[in-house]
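S.K.: Sequence and predicted model, in that order:
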Amino acid sequence: MERPGLVASDVDGTLLSPLHRVTGRTAAAVGRVVAAGVPFVLATGRPPRWVPDIAEAAGLDGYAVCANGAVLYHLGQDRVVWQRTLDPVLLRDIMNSLDEVLPGVAFAVERTGESAFDETVPQFIAEDGYTHPWPEGPEPNGDRSGMLTRPVVKLLVRHREMTSAEMSLAIVELLGGQVDATYSTTMGLVELAAPGVTKATGLADVAQRLGVDPADVLAFGDMPNDVEMLTWAGHGVAMANGHEDALAAADEVTAPNAEDGVAMVLERWF
């Protein structure tokens with residue numbers, strides 16, 4: 001492609017190094033993109049509250065597509081532009097159904113308010129039995145009744161004795177088009193959003209707002225939750241450390257995140 005009109009990047013496993021940092025080389029490359037007047041959009045599974053620190057390290061203050069496309073957040077304004085939610089009634093039915101199909105499953109939910117740190121909204125609720133597949137993270141802090149009091153942007157489904165791929169197959173077979181199911185780790189966690197919500201749909205909204213044709217979008221990702229974004233963008237780039245589904249969906253495979261793979265591609269134009 002010619003020089004991209006918009007750059008979009010996943011965060012974990014892509015923009016960040018294995019030490020969960022924005023390296024100097026990557027920060028410099030992102031800075032040149034922004035200095036050239038080209039929007040750089042974070043597209044992540046993270047909720048808004050987990051994005052500002054990364055954006056600051058990368059020197060970004062524009063739009064961020066969060067929660068796998070369920071939330072559009074403006075960094076500089078600390079403002080949730082919109083959110084796509086799951087209804088509590090549907091949420092209850094999904095939990096009951098998954099209890100039967102995946103015995104031992106546990107749930108958590110993500111919500112967001114009008115800003116990343118809106119204290120009027122309990123943003124994360126996890127029931128007893130829910131554990132993160134990564135070392136750090138909030139402890140269980142509620143029960144299912146607390147999850148069903150208002151709409152959520154994401155339902156996290158956790159099973160410590162299954163892989164994410166095994167869970168995803170069972171969930172998609174059971175729920176069909178009722179939700180959009182994806183995952184960003186292989187360690188027994190699947191994330192559910194409203195039907196049709198993906199990083200690609202969130203980025204399509206951003207591109208329209210900024211007047212950029214999808215053919216002029218350069219996108220980076222590494223996991224199944226990036227597949228729709230990689231195929232939607234004019235040029236999709238997967239990381240060498242990525243999941244096989246992301247590698248298959250991409251137009252190009254760059255070096256792993258441990259070797260500044262995002263920067264290596266950006267340096268062609270910037």
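M.R.: That came through fine. Note that the structure is a prediction, hence the values are computed from the model and not measured. Residues are numbered from 1 along each chain as shown.
S.K.: For Tyr63, give me the pLDDT.
M.R.: With respect to pLDDT, Tyr63 scores 98.
S.K.: is it true that it touches Leu75?
M.R.: Yes: counting by Cβ atoms under 8 Å, Tyr63 does reach Leu75; the two are 7.4 Å apart. (Each C-beta comes from the backbone N, C-alpha and C, glycine too.)
S.K.: okay, these two: which has more neighbours?
M.R.: Neighbour count, other Cβ atoms under 10 Å: between Tyr63 and Leu75, Tyr63 has more, with 27 against 20.
S.K.: Which strand residues bridge that one?
M.R.: Here Tyr63 shows beta-bridge partners His74, assigned using DSSP bridges.
S.K.: residue contacts, it?
M.R.: Shown here is Tyr63, whose contacts under the criterion Cβ atoms under 8 Å, 6 or more residues apart in numbering are Pro39, Val41, Leu72, Tyr73, His74, Leu75, Val81, Val206, Arg209.
S.K.: same thing with Pro88?
M.R.: With Cβ under 8 Å, 6+ apart as the criterion, the residues that contact Pro88 are Met147, Leu148, Thr149, Arg150, Pro151, Val152.
S.K.: Neighbours of the third one, how many?
M.R.: It refers to Thr149. For Thr149, the neighbour count with other Cβ under 10 Å is 11.
S.K.: if I look at it, how far off is Val51?
M.R.: Thr149 is 25 Å from Val51, where distance means Cβ to Cβ, to the nearest Å.
S.K.: can you list the domains in this structure?
M.R.: Following automatic domain parsing, one gets these domains for the chain: 6-83+198-266, 88-193.
S.K.: Quickly compare those and say which is most buried.
M.R.: domain 6-83+198-266 (a mean of 21; mean count of other Cβ atoms under 10 Å).
S.K.: if we can go back for a sec, ranking the domains of the chain by mean pLDDT, which is last?
M.R.: Mean pLDDT values for these show the minimum at domain 88-193, a mean of 92.
S.K.: Can you show me the strands along this protein?
M.R.: Taking DSSP state E as the criterion, the chain contains strands spanning 6-9, 40-43, 63-66, 71-74, 79-83, 106-110, 124-126, 154-158, 180-182, 189-193, 217-221, 235-239, 252-254.
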